[in-house]
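Asker: Predicted structure and sequence below. I'll ask about it afterward.
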Amino acid sequence: MLSINFPSLLTSSVHDIKNSLRVLRTLHAQLESIYQDKKHIEFKQLEFEANRMNNSLMQLLTLYKIDFAQYSLTIDEHSAAELLEDIVNQHSTLLSLGDIQLITECDSDLLCYCDSTLISNALCTLVNNAQRYCLSKVLLSATQEDDYVVFCIEDDSSGYPENLLTSDCKKLPELDMTTGNTGLGLFFAETVAQLHVQADKRGFIMTDNNSRFGGSRFKLYLP
Amino acid sequence: MAINLTSKKILVVEDQAIMRETIKHILGAFGARFIVEAENGINAITAMRIDKFDIVLCDYNLLRGKNGQQVLEEARFLKLLPVSAIFIMVTCEQSQEMVLTALDNKPDDYLIKPFNRQQLLSRIERCHARKKYLASVENEIDNGNIYQAIYNCEKLLQLDGKKMRLQLLKMQAELTLKVGDFKTAEEIYQDILHERELPWARMGLGIVAFFLGYYDQAIKIFQDLIEQYPVMLEAYDWLVKAQESLGNDEHALSSLNSAVLLSPQSILRQKKLAVLADKTDNLSLAKKAYTATIKLGKNSIHRSSGDYSGLANVYLKSNAASEALKVLYELNQQFHNDPEAKIRAALLETEIHQTKGNKALAQQAYNKAFKLSEQFNRQISRELRLEMAKIFHLNGNGEICDEILNDLVKTNIDDKAFIKNLVTMCDAVIGDNYAETLIQHIKKELVDINNKGVGLFQEGNIKEALAVFEKAIIKMPDNHTILLNMIKIIIHDIKTSKPDPEKIMSAQAYINRAIQLGIPHNQISGLQTELDTIQYKSHQ
């Protein structure tokens, strides 16, 4: 019997795809600077999709490392406002189209303790999703709630589907073929949140449809 | 836009022309007028020699020659970057790990490719704001005024700055470690850990334990950290130091080897691994590490002829004289106009011919080494001089050997690690009591000079006393006792005559030198306070 070590096969493939994607994204950035005067919507959408793919692949690799206990957390103090600003900046090209508003709310003095690469990657993907499903607005905020710093993403979409609200995020939800929702973003966020521990407290996530704009709401709690 | 790029000198180091264009375009749109481009490391260094840049954007993966890290190391080493300059390393995700594992010389920030204009600008802006905020501390560090830097840290901490608090505390702790004020450093780290378990603060405690000589305690802390954060390379580096200090070279070697496996591109770790493996007779590992060091050194400021002779010596030890000869050839090819390399080559040639039994050729090579060493004796490193002393002794030139050893002991009497190496060499090659007698003799000589100076000082003959110490300091620039007494007398002199800015400056320079040499905090801090008081009064 031929034995296929699927996890390691998958990681090698993901690395390959990621390398190609890097070249693709670089080429895209160059093309954009050549054709900068004309506002081609396709360019911006291309960047959006490429970033989305890249985020997914990064999550896959990180999850692989966590699964095989190869991931080393780098916890330090970070400014929550700067973390949010980085996420907005990453989306700035698409936002410049102007049909979607990404609003941030955060006290400039708010500090959080986390592995910023992981957290920003988790939030980026979810903001990405919010942008896909919202009508016109996404609100990104960070606040202190008791012993936790809470990152919150709210939008004016029609809300999370049932399977993403009720299911346990610690398990990957069943793939919904009709909508294409994989729930991978949420699963990643939950996994990453759990790595953050302070004294007897552990990070976690929550999803509901109580957004201020009537759509879905995602909350990430960091101790 | 908080930062105006119009007046900023910017260097863009990037091998792809189209990428340089893109970056230039973004910067130009935000007002930048003075932008210099470099497509490789050598051009980047040349550009930095000509202009003092405010901002350097440097790609890590440069196609040919030096990589971004090597550019940064060289620029810092040659002091081509002003303290206020921002150096941002541009990487792709794939190379990020490699960049983060560098042993020292960290850039101000990283930027992951590809990035859009907003990401680039925000990175520059943040670095700029941070640099500006920390300027009062970083400028003093750059001038070597560590006590003033600590004071400025404290001042900033009092001004609130919740956002920067932890960063300031981290800096303050590192500075107090530098001047040997371990108690304060420990307090800072403990306070932080009391609030929250942060790996760097925990490591700080380990470093304090190391400096206080509690090696077992230090080792425990570093090992726990590594277990929890398996890629925390700094913890490995300190673990190695602690294990070495305990004399446990085998354990140190194994820890260092793990660190090198995680960061194979770090030349300084490879170099250290090579030396330690050689010392513990792990010849195949030493060969591998020396070879890696030589390869990494091709584009690095850390390249040294010592790596070549190290490798050749390992080959000699493993009875592979012809391999050693190949390395010697390579050494001669790689280094021109470098006296240290020429001497190493000549010494190596001597040994190779001796092993091969070519007496005449060995003698010829030895004569060459001898001539070169007479010519360049003082310009070469102490490690090589020690090696030469050994060879001279073995070849019957005892007198020159004595002369070199005498000088080495005199200038390095306070450096325990070096003196230990010297004693080991003497015990093995010359004879059991040789080094001990020499050291005792020089210590007595020092006491005599000191007594003479202090005696003159007590008689009130300040000028003569200063002259005695000044003369001694030229001969033994690194001697702790002489340096401290010199500072005391200058300060006394300033106090009893009218304040003289030149004398104050000279006292401060000697204090900075004392800190550099690692003279303990309790011996320097009192002198610094006295000098500060004088300065304060003279400004009134």
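Answerer: Okay, I see it.

Asker: For residue B:478, give me the pLDDT.
Answerer: At residue B:478, the predicted lDDT confidence score is 83.

Asker: next one: residue A:37
Answerer: pLDDT, residue A:37: 64.

Asker: for residue B:434, what are its contacts?
Answerer: Contact analysis of residue B:434 by CB atoms under 8 Å, 6 or more residues apart in numbering or on different chains lists B:426, B:427. (C-beta placed from N, C-alpha, C; glycine too.)

Asker: Least confident secondary structure element in chain B?
Answerer: helix B:93-100 (a mean of 66; mean pLDDT, DSSP states H and E).

Asker: Show the average pLDDT along the next helix or strand after it.
Answerer: The helix or strand immediately downstream of helix B:93-100 is strand B:109-112, counting by DSSP states H and E. Average pLDDT, strand B:109-112: 88.

Asker: contacts for strand B:109-112?
Answerer: For strand B:109-112, the surrounding residues in contact (CB under 8 Å, 6+ apart) are B:57, B:86, B:88-93, B:96, B:99-100, B:119-120, B:123, B:126-127.

Asker: What residues sit buried inside it?
Answerer: By neighbour count on 16 or more other CB atoms under 10 Å in any protein chain shown, the buried set for strand B:109-112 is residue B:111.

Asker: distance between that strand and the chain's centre?
Answerer: On the basis of CA atoms, centre = their mean, to the nearest Å, strand B:109-112 sits 25 Å off its chain's mean C-alpha point.

Asker: helices or strands up against the helix or strand following that strand?
Answerer: Per DSSP H and E, strand B:109-112 leads on to helix B:117-143 as the next helix or strand towards the C-terminus. Packing partners of helix B:117-143 (3 or more CB pairs under 8 Å, 6 or more residues apart in numbering or on different chains; DSSP states H and E): helix A:80-90, helix A:92-95, helix B:17-29, strand B:86-91, strand B:109-112, helix B:146-158, helix B:165-178.

Asker: buried set for the helix or strand just after the longest one?
Answerer: For helix B:165-178, the following helix or strand on the C-terminal side (DSSP H and E) is helix B:182-195. Of the residues in helix B:182-195, those buried by neighbour count under the rule 16+ other CB under 10 Å are B:182, B:184, B:185, B:186, B:188, B:189, B:192.

Asker: Next, the angle from the helix or strand just after helix B:182-195 to helix B:165-178.
Answerer: Next along the chain after helix B:182-195, taking DSSP H and E as the criterion, comes helix B:199-211. Computed by axes from the mean of the first three to the mean of the last three CA atoms, to 10 degrees, the angle separating helix B:199-211 from helix B:165-178 equals 10 degrees.

Asker: looking only at pLDDT, what's the mean for the helix or strand containing residue B:533?
Answerer: According to DSSP H and E, residue B:533 maps onto helix B:521-539. When pLDDT is averaged over helix B:521-539, the result is 84.

Asker: follow-up on the earlier one: tell me which of the buried residues of helix B:182-195 is nearest to residue B:41?
Answerer: Nearest to residue B:41 out of the buried residues of helix B:182-195 is residue B:185 (CB to CB; 36.6 Å).

Asker: Touching, the closest one and residue B:208? I think so.
Answerer: Yes - counting by CB atoms under 8 Å, residue B:185 touches residue B:208, with 5.4 Å between them.

Asker: Alright, I will stop here.
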